[in-house]
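Colleague: Based on what follows, work out the 3D shape:
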Amino acid sequence: VLGHMRGPTECFYYKEEKWYYAGTYRAFRMDDLTTHEWELLSTETTQAQIKEPFGGKSMLLQNTYETGQLYAVGALRLSCVGLQCIGFN
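Modeller: Just a heads-up that it's a prediction; the model follows:
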């Protein structure tokens with residue numbers, strides 16, 4: 001995300017077959033998620049993150065479990081990016 005948002009960026013979102021303007025945002029790097037924060041995420045969120053590097057494709061159950069364990073102990077980390085609204089046209 002940061003590579004695509006080097007400067008202020010106009011952002012939009014799509015909801016119920018309509019595009020909406022969200023404003024002008026700047027992106028900034030935040031600390032990686034801690035193992036404690038990882039534990040607080042919903043199962044739906046952690047499973048989506050585990051599958052993300054694989055394009056959301058099906059993984060063997062064992063691989064999903066092992067990848068989840070790597071995040072849980074901090075061997076894999078989840079990078080975080082913040083978005084700050086700096087304007088609205």
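
Colleague: In this model residue 25 seems to touch residue 88, though I could be wrong.
Modeller: No: counting by C-beta atoms under 8 Å, residue 88 stays clear of residue 25, with 10.1 Å between them. For the C-beta atoms, the positions are set from N, CA and C on the backbone; glycine is no exception.

Colleague: Pick out whichever of those two has more residues nearby.
Modeller: Using other C-beta atoms under 10 Å as the criterion, residue 88 and residue 25 rank with residue 25 on top: 17 against 9.

Colleague: residue ranges with poor pLDDT in the chain?
Modeller: Confidence mapping of the chain against pLDDT under 70 gives the ranges 1-2, 53-59, 61.

Colleague: excluding its backbone neighbours, what's nearest residue 84?
Modeller: Using C-beta to C-beta, 6 or more residues apart in numbering and skipping residues adjacent in sequence, the residue nearest residue 84 is residue 26, 5.3 Å away.

Colleague: residues in contact with that neighbour?
Modeller: For residue 26, the contact set (C-beta atoms under 8 Å, 6 or more residues apart in numbering) comprises 5, 7, 8, 9, 83, 84, 86.

Colleague: Likewise for residue 89?
Modeller: Applying C-beta under 8 Å, 6+ apart, one finds that residue 89 lies in contact with 10, 21, 23, 24.

Colleague: No further queries at this time; thank you.
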